[in-house]
Every structure is written in structure tokens, then in C-alpha cells.
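> coordinates for the following, if possible.
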Amino acid sequence: MANKAVLFLLFSYTILSSSFVSFARTLDSTLNAVEDGIPHYLHVCDPSRFKTLGLDMADFAFCDKSLSFEVRAKDLVDRLTLVEKAQQLGDHNGTFIERLGFPKYMWWSEALHGVADVGAEGGGVSFFDAVVPGATSFPNVILTAASFNQTLWNTIGKVVSTEARAMYNLGRAGLTFWSPNINVVRDPRWGRALETPGEDPFVVGTYAVNYVRGLQDIEGQDYNGDPNSRPLKVSACCKHFTAYDIEDYNGISRLVFNAKVSEQDMVETFNRPFEMCVKEGDVSSVMCSFNQVNGIPTCADPYLLKKLVRQDWNLHGYVVADCDSVLEISVRQKWLSSTGEDASAYSLKAGLDLDCGEYFPKFLPSAVKHGKVRESDMDRSLIRLYVVLMRLGFFDGIPSLATLGKSDICTKEHTELAAEAARQGIVLLKNDDQTLPLDPSKFKSVALVGPHANATEAMIGNYAGVPCKYISPIEGFSAFGQVIYEKGCPDIKCPNNSLVQSAVNVAKNADAVLVFVGLSLDVEREWVDRKDLLLPGNQTQLINEVVEAATGPVILVIMAAGVVDISFAKTNPKIKSILWVGYPGEQGGRAIADVVFGNYNPGGRLPLTWYEADYVDKLPMTSMPLRPVGNYPGRTYKFFNGSTVYPFGYGLSYTSFKYKSNSTGASIDINLNRLQHCHDIPYKNGHQAHQDCPSVSIHDISCNEEIAFEIKVENVGQKDGSDVVLVYSVPPEEIDATHIKQLVGFERVYLRAKESKNVKFVLNVCKSLNIVNVSGYRLLPSGLHKIVVGDLSIPVTVSYKR
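Now for the predicted structure:
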């Protein structure tokens, strides 16, 4: 029975000017019956729905709830013709099968940082209109990741899935969301850094697990049965698998790029977040990428899709291709001189279940007839797809979710969470003379200058929908006093200095000046990689001239995802404070103002290494190794030991924290049997193996050993605030060609002034101390390891004996 909110929507919508015709595109993608734009049926197997179609639901075993999902899915598949099966394996080509009462379902929806309307212009399933005018738009992922708050990540996922499910009930969204993006940021020029949780594979994987659980898990329901029957709130998708992080570099497109990657880097960096997402997050879908890896398209690689994703990691769900990836195997990559039939057959047999494109529907029937693929291979994939839809309630409904409606979208609580996410992610990079926070009683006139000072759409980045309400910086700061605004640049590229003098003039008379600069989708996004690490155009000139003219303190605000070399600002004593605010979402202006005026004490940490500008001159984007190679420097904090503008994990606070630990270290003694063998590892010049057993594969030992310790975190300052405790492991110093350090744990902790808390960490020895050798084996080395937290170092000795 419809709740009051839905009844209100039904009534309200009858008086809106939009006609029924405007919803025709959703007719087949819902359940083939709408009333005033609202779906009449929310699931397939409704007896009254079949009756209206002139059918008896009892005739169809796929609607028999007493049977298992897999048996029901097989019944549906067995009723399809070869052509119908092919149509159902393409997201763009699914059709309503009238004789079975089975509606068209469109798979593509996005929920990267809120429900998006990506694809709506082409008839996509998620869209906004008078019924649902918007949804909560959280900060882009790179800023949310900077909070290092797992609870926040999970909570955002819950809110996004609540709004998504409400939109589905209203006919404005699907149930399968191809999010999150969990590719590691290997190169600082990559245009899609804004979509990701950063450069550390452990952080990226941990984000994926928490966000996916937030999206998929139905709150209040514990399920211990068959994972392939576990109900889903919505279906998430971890993408893009794998070794994908180039858009268009010097004419080399992601559509054709062959990533030449060592097995060491695959295991250690590129695949690790996906393994965590599948094994710990229990994600219901994985998307393969456009690119090739070592000469094989990822969407046609049985080792990646069958061996790793499905067999080793045990995916409970389906594998989907990035849109038109199957086409590109034939058209641009010309892999093995593939025809359309060949590319479709290779991909399906490799483990691809769904083509976001037209090749499967177009070519699989003839590929079957020509013996290139079996119809049973199509059946297998269809069963996987239908089982996921059954888990989502597409067939039977999920009563606890059926009452969600418009009143569950853009709620006050959701909007506040968007603001809190932005506040928690903001990173304080510089704060000379404790200039921040500003006292609003002393700074009554504030100048906001720069191309982002009145940002709205720029704050929500890409893969976004229509936000509930923008709070621009101007609006956010106006709540604290008088704001004077000058743009300073025509746009984010700042192609000339025509507006600089106007900004200089207002800076002369303001009590304080905030300069809002950075990047935007004009210079970093999907399809667009950056050329350098500098501020665009004349932004640097704008900053310097405003600084020279200002009579009050100058605060620099960087709104960007990718790293920017702002060394000139870091060393300029007239620029007192610097904030990095990412792309802070719909409530961004409010969050920034709260930080500047002290309503919130920043505690974010950088999820990326901020390299100096000449870093990108030293190696091409196409060089895939993470470790230094020849004259090429290493990548990410794990393998780069050169100078930086700001290091990974950097972030200041308005207060100060101290760490203490009573741990004296740990000794891990592992007894080996005759079937457990030692492995050599490389040592630095001048060092020789001083251990009888240099290392053992973690797959050959029980890995039950743990390192437990507590860190006492004390707020020794005068202000309440949050600290992010980052825990690194450092391998024995004599080992060569491995990471400098690696993050193995983190916790965000809130402390009142002068308060202290003990934060407990329990680290699995194998997970936290392993290294990956050139063959891709994870090894636990013997010797003296270190657990490093701030300036604390806890020794851990590992030894083997028989």
C-alpha cells in the first residue's frame, strides 16, 4: 500500500504541466505501467500485473518464490529464443518480452557520490524532473577519501542507496549502479583523480569495501545464507578492472592503450583494491576496462575475469564491460584481427556477462551459429544477471524498501551529511601565525576573489546529478559577515589578466582576502588528462598581485582534485594559510566557511602525493612501473623518495596532537614444516642474507599471527578537533626493490581540548608486513620490521625455524 508521501506525489503530479509523454522513455525500463509518471508496479512477479497483460503468473516458474533464485533464473532463460538472449546481454538493447510478461531493464545507472543522471540525455534510466528535482550531491570521492573516516564512507553509501531506491520506486532510477571507481592514481596527470580515493591501494580498497557495503547492505538485516541469494538494497560495481589510468596522453587513447605491467605491480597495486572490493565488500558487479594489459583486452582476458575475479576472489554477481569496450576490441584495437563476432565470442568466453554496448546483441546469434561460442555460455551469463535482479527485488520486491519515496530524498539529515563530509575532507596545508581560524567579530569585511569564489557546478565535479541545493562560497561566507566578490579570471583557464586589477582593488580594502583558485572539469576529467601540475593560465599572477595589494591576511583556497605545485604560495610569507578543498559537493561553500571561521577544525589528510612540477618531465604517463626504472623516478609515496610540495597523508589542524605507546615491540617466531619452503629476496648492495630463511610465501603459512598495540592520542592544544592516526609498516632496511613504507591501518579520532584516547590496532602479520616479489608472490620476510605511527616506531622481528 502506498505511503502518504507517494500518495501526495501522485496527487501533486496531476497538476504539473509536464505530460505523461515526458516519461515515455521510462516505460519499458520500469515495469511497463505508469500512472501520472509513477510506476504502478515495483516488481515483475505481481499477479495483478500479469493479469493486466492477459497472463497467468502461475504458468511461469521464474515467479515461483519457493524455488531458488538460480532455478528461477534458468527457467526464464530457457524460455528465451537465441535472439532474445542476445538482446538481454546488451544494456542498450533489452526489450519487453510480451509473451513472458518480462519487462525491459536498463542496467546503467551511476552513484559515484550521489545519484547521477549520467546518460539521461540518451534515454538513461536515472533522471531528474518535477517529481524528483534533485538528490544529495556529496563531495567528489577524492575529498571524501581525505577524511580517512571509514564510518563516513559507509554512511554516505547508505544515504545514496536510500535515495536511489526511493527514486527507483518513483520511476526515476534503476537498481544497478556502476560505482565506485577504484582505480589507483598512479600518475598525477590522470584526469579522473577526482573520482577515486587516491594513490594508496589499501586506502582505495578500504574505501571500496565501506562504500559498497553502504550501497548494497540492507540495514537491520543479517544474512548468513548463500551469498548469491543475499538481498541487495542496490547493486554496486567496482570499476575499471584493471591497470587503467590514462585518458589521452600525447595522442594515446585509453581505447587502445596497452598497459605493460609486471605481475608484481598487478598484485601489489592495480588489482589489490578490486580483490578487497570482491572478497571483503562482496560487490555484485565488476566492470572491465577499455585498455589492454600486456597485449590482451581486459574484457577478453579469461585470467582476469574467470581466474581472478570469479574463481580466486569468488564474485557473487556479474561482469560488465565499460561501454563499447567490446566494440573497441574489433574497431580500434583490431586485436587478433577480430570481427564483431570474434570480439563478442572472445569476451563472452573470457567471463564477460553484460555488454554496455551493441555488439553482444548484434553478433552473438551469428557467433553461435558459426561455432565461435556456445549458447550455453550465453545462458550462464544471463542466469548471473537475473539472479542479481532477483536479489534486488526486481522480481519479488523487498517490502522494507517499498515505502521509500520523495520524502527520503534531499532530507535535512542528508544535506547535513554532505556538509559534514566536505568539512571532514578539507585539508589545512599551511597556517602561519595561526592565522586561521578567523574571528568573525574582527574580520567583518572579507573579499572572495578568484574563478572559484562563486563556484556551484564546479563543486560537484563529474558523474553528478542535480543537487538538492548549492551553497556557493559567497553564500557560505555571507553567513558570517560582509562579502566582496571579484572573479579575477574570466574562467578557470584564466587565459588573460583582464580581471586581475578588479580583484586587486577589492583586496586593498578588505579585512581578509580569500583567493579561490584551482582546476575544474575543463582541465581534469574523463577523456582529459593534464599536461602539467601548475595552476592554469594567469591564476598564479592573480594570486601574487592580490597578495601584494592586500592589507589583511590572505588565505589561498585550492579547489581541485589533482595535485598542484603551489611551492610559490607555500614559501610566500604573505600567504598565511592554504586550504585544499577538493570538489566539495553541493554544500561546499558552507563547509569552507565553517573551517575558515572556526566552526569546524580541519582534520583531513592528503590522499595523493603533491609532486613538484618537474616530476612529470621525468617520465611519460605510459610508463607503468611503480618502482624507479632507469632514470624514471618511482610513483606514489610507496616508491618515490624525492622532494615534494606536500607528502601523502599531510594535513594540519588548529590544535596539536601527541602520540604515545607503551609497546616495546613484538617477536614473531614461525615454525616451518618440511612442506613450507623459504624464498630468496633481493638485498641492497653491501648486504647479504643474514637469515637462514629470507622469506616464506604467505600462502604457505597459517597467517594467524597478529600485532596488537595501542596508541595514546592526546590533544595538547586549546581547540577540539579530529586527528587521523596513520599506521605504516616499514620492511627490513636491507631488502632491495620493495616499498619504502606502506599504510596498513588508519583511524580518525575526535578529541576535545586536553582530552586523550587510546586507539587500538590489531594488524595481521601477513597482510601488514608482506612484500611482493617480481613474480607476484606475496612473501613475509624475516628480519626487523617497523610499525611507524607519527614519530613513534615499534620494532617487529620475524624469524623462521624448523
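> how close does Val320 get to Phe62?
Val320 sits 22 Å away from Phe62, going by Cβ to Cβ, to the nearest Å. Quick note: C-beta positions are derived from backbone N, CA and C, even for glycine.
> beta partners for Ile296?
For Ile296, the beta-bridge partners under DSSP bridges are Val293.
> what's around it, how many residues?
By other Cβ atoms under 10 Å, 18 other residues sit near Ile296.
> for Leu514, helix, strand, or coil?
Taking DSSP: H, G, I helix; E, B strand; the rest coil as the rule, one finds Leu514 in the strand state.
> how near is it to Val581?
Note on Leu514: its distance to Val581, by Cβ to Cβ, is 11 Å.
> the two: which is more packed in?
With neighbours defined as other Cβ under 10 Å, Leu514 and Val581 compare such that Val581 has more, 30 against 27.
> which ones are touching the more buried one?
Val581 is in contact with 143, 422, 425-426, 557-559, 588, 591-592, counting by Cβ atoms under 8 Å, 6 or more residues apart in numbering.
> which of those fall in strands?
557-559 (DSSP state E).
> ok, so of those, who is nearest Leu175?
Nearest to Leu175 among the ones in strands among the contacts of Val581: Met559, at 33.5 Å, using Cβ to Cβ.
> coming back round to it: so which of the ones in strands among the contacts of Val581 comes closest to Asp78?
Ranked by distance to Asp78 (Cβ to Cβ), these are led by Met559 at 54.7 Å.
> please name the bridge partners of the closest one.
Assessed by DSSP bridges, Met559 has beta-bridge partners Gly518.
> check contacts around it.
The neighbours of Met559, taking Cβ under 8 Å, 6+ apart as the test, are 452, 455, 458-459, 516-520, 581-584, 588.
> one more: Ile558?
429, 517-518, 564, 566, 578-581.
> how about the contacts made by Ile740?
Shown in contact with Ile740 (Cβ under 8 Å, 6+ apart): 637-639, 641, 730.
> now do the same for it: its pLDDT.
What the model reports for Ile740 is a pLDDT of 98.
> pretty sure it sits in a helix.
No. Applying three-state DSSP, one finds Ile740 to be coil, outside a helix.
> and it, its phi and psi?
Backbone geometry at Ile740, expressed as degrees, to the nearest 10, gives phi -70, psi -50.
> repeat for Phe241
According to degrees, to the nearest 10, the main-chain angles of Phe241 amount to phi -90, psi 110.
> excluding its backbone neighbours, what's nearest Lys279?
Spatial nearest neighbour of Lys279, excluding adjacent residues (Cβ to Cβ, 6 or more residues apart in numbering): Trp313 at 5.3 Å.
> burial measure for that neighbour, as a count.
Neighbours of Trp313 using other Cβ under 10 Å come to 19.
> residues contacting it?
Contact partners of Trp313, counting by Cβ under 8 Å, 6+ apart, are 274-275, 278-279.
> before we move on, what about Asp75?
Counting by Cβ under 8 Å, 6+ apart, Asp75 has contacts 60-62, 67.
> quick one, grab the pLDDT at it.
Per-residue pLDDT puts Asp75 at 98.
> next: the one 3 residues further on.
What the model reports as pLDDT for Asp78 is 98.
> now the closest residue to it other than its chain neighbours: which helix or strand?
Sequence neighbours aside, Asp379 is the residue nearest to Asp78 in space, at 7.9 Å (criterion: Cβ to Cβ, 6+ apart). Element membership of Asp379, judged by DSSP states H and E, is helix 375-391.
> contacts for that helix?
By Cβ under 8 Å, 6+ apart, the residues outside helix 375-391 that reach it are 62, 69-70, 72-74, 76-78, 80, 82, 85-86, 88-89, 105, 175-176, 228-232, 235, 284-285, 317-318, 348-349, 352-354, 364, 368, 395-396.
> please enumerate the helices of the stretch 101-250 of the chain.
For the stretch 101-250 of the chain, the helices defined by DSSP state H, counting those that start in this stretch cover 141-145, 150-169, 201-216.
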